[in-house]
Every structure is written in C-alpha cells, then in structure tokens.
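# Pasted the sequence and its predicted model underneath.
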Amino acid sequence: MAERPVLVFDSGIGGLTVLREARVLMPDRRFVYVADDAAFPYGNWEERALKTHIVGLFGRFLARFDPEISVIACNTASTLAIDALRKAYPRRRFVGTVPAIKPAAERTRSGLVSVLATPGTVKRQYTRDLITQWASKCHVRLVGSVGLAALAETYLRQGFVDEEAVRAEIAPCFVEMDGRRTDIVVLACTHYPFLANRMRKTAPWPVDWIDPAEAIARRAFSLLGPGEGAAVPAGPDPAVFTAAEPDPAIRRLIQGFGLALI
Ligand code: DGL
C-alpha cells in the first residue's frame, strides 16, 4: 500500500517554497499541493470569514486526500486558523508556519528586526504574542505589505517583476535609530522568498533575510520520520488549484515543481 501523502497548503504559489525544501528532506514521500488561488490573497480577508473558509476547505481536502500530515505553508492562514483546524479535525496532524521572530531575535546584532508579512499576519494577535514572548528586548517593526504576495505570483506566472514596486514595498523595513540599523528582515509570507534576489537588489543596505521554509520542512520531517521508500510511485505529485480556470502559466510552473494539476 502506498503511503499517505503530505499535504502542503497555501493561498497560492507561496507554499511551493516549502514544498521545495520538504522534497529535499523527504525524497521518498508523496505530496499533494493545494493552492486556494480562488480566494487569493488571504492577506486582505476579514479574519472571521477567512477562518471559516479555511476550516471548511480543509474538511473537503482531508476527506479527499487523507494526508498523513498537513503543512499549512502560509503565515496568513496559520496565524489565524491553526488552532481552529486542530480543534475541528482532532485526529489530523498539522504543521503551521508562523513568523520567525524567535530566530530573528536570537540572531540580531543591532537589535532592530523587521517582520515583512501580509496585512493579515501583521494584524494577528498571534504575531503580537510572538514578539512579546521572544523579542521583548528588540525593536521589532511590523511591515504589512499589500502588494508583495501578488508581485511574487506575477513573477512566477509571467516571469516579470516591477523592481520599483518591490523597492517601495520593502522600504519601510529599513530603520535607522541611534546609529543602529535593521540587520534582519523576517520573510513572514511564504511567497516572498521567490522575490529574495529582487529584495536584495533593491534593499538600501544588506541585511539577513530569514526564510522559514527549511525550518517548516524540518518540523514536518521530525513529526513524520523517514518514509518507507519503496511504495512511492514514479511521476508528478498532484496539485489542486481552487480557481475554476487555472491559467496556462500555472500548468507550466507547477510542472517545473514536479506537480501535475488534477
Ligand atoms: N503565502 C501567504 C503567507 O505565507 C500569503 C499570501 C496571501 O496574502 O494570500 O502569508
């Protein structure tokens, strides 16, 4: 019998940054990628409606794919709905994605850290609690970006990115205070690592950009342990995009990630 898959979920293509790392760590696992692109961007949704939407959606996908574990590869969804998902589906296992505030606080030398995220993640109590718990000695600037996730989508779908728009979106992350400067920017949206090169290019000074994808994949791996190897069928893993008409660029893109639309 083939092993049950690992479900990787995001509002769009951002979760592919996590899938990429998960495949490296777990080459003998099967994956299912689910993108709720019909509802993208999650960052601008009202909280209650989004939570209800995500919990409902998972009911369908858990029944359809019966995953061994589900990785919520989306900060905006995770910081809002991970507790509700665990409560609604108590026999299922979930790995969440939350802003990497703790590692940033441990690593910063200047004490100035910025968290770049969707407006939804920036607003969350969950995010505020992480700062109180782990970064009370740092100056943390929360930067809610309205357009960056969409810029990453356009970049991956069409191969184009407006560098001036990236520059404008990241500019508030760079703070100078009492002769010190921001030295760490937490990428608290799984879409953003796709724009990392453009961010480096348009940043006013060099900083460390924390991409949590590998840590999330490691967490999933530690919960699952090594697979059994032999049962993995050859060929692409399935991907579901919830928009009725997935655009042709998506087909090409996900093919490059070893996925096939179903
Ligand atoms: N990839 C998602 C995250 O990590 C957000 C994108 C969206 O706004 O839907 O937060």
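Structure's in. What do you need?

# When you work out contacts or count neighbours from here on, use the C-alpha atoms and nothing else.
OK.

# Quick check: the residue of the stretch 101-250 of the chain nearest the ligand.
residue 189 (3.2 Å; C-alpha to the nearest ligand atom).

# Let me know whether that residue touches residue 118 as I believe.
Yes - between residue 189 and residue 118 there is a contact under C-alpha atoms under 8 Å: 6.7 Å.

# Overlap of the contact sets of the two?
76, 149 (C-alpha atoms under 8 Å, 6 or more residues apart in numbering).

# Pull up the gap between residue 114 and residue 130, please.
Computed as C-alpha to C-alpha, to the nearest Å, the residue 114 to residue 130 distance reads 13 Å.

# Can you pick out the residue with more neighbours from the two?
More neighbours surround residue 114 than the other of residue 114 and residue 130, with 27 against 16 (other C-alpha atoms under 10 Å).

# got the phi/psi numbers for that one?
phi -120, psi 150 (degrees, to the nearest 10).

# Can you give me the distance of it to residue 197?
In terms of C-alpha to C-alpha, residue 114 sits 18 Å off from residue 197.

# One more: residue 260?
Relative to residue 197, and taking C-alpha to C-alpha, residue 260 is found at 27 Å.

# between the two, which one's more packed in?
Legend: neighbour count by other C-alpha under 10 Å for residue 260 and residue 197, higher for residue 260 (20 against 10).

# Grab the nearest non-local neighbour of the more buried one.
Distance criterion C-alpha to C-alpha, 6 or more residues apart in numbering; nearest residue to residue 260, sequence neighbours excluded, is residue 238 at 5.1 Å.

# May I ask you to confirm that that neighbour belongs to a strand?
Yes - under DSSP: H, G, I helix; E, B strand; the rest coil, residue 238 sits within a strand.

# Many thanks, have a good one.
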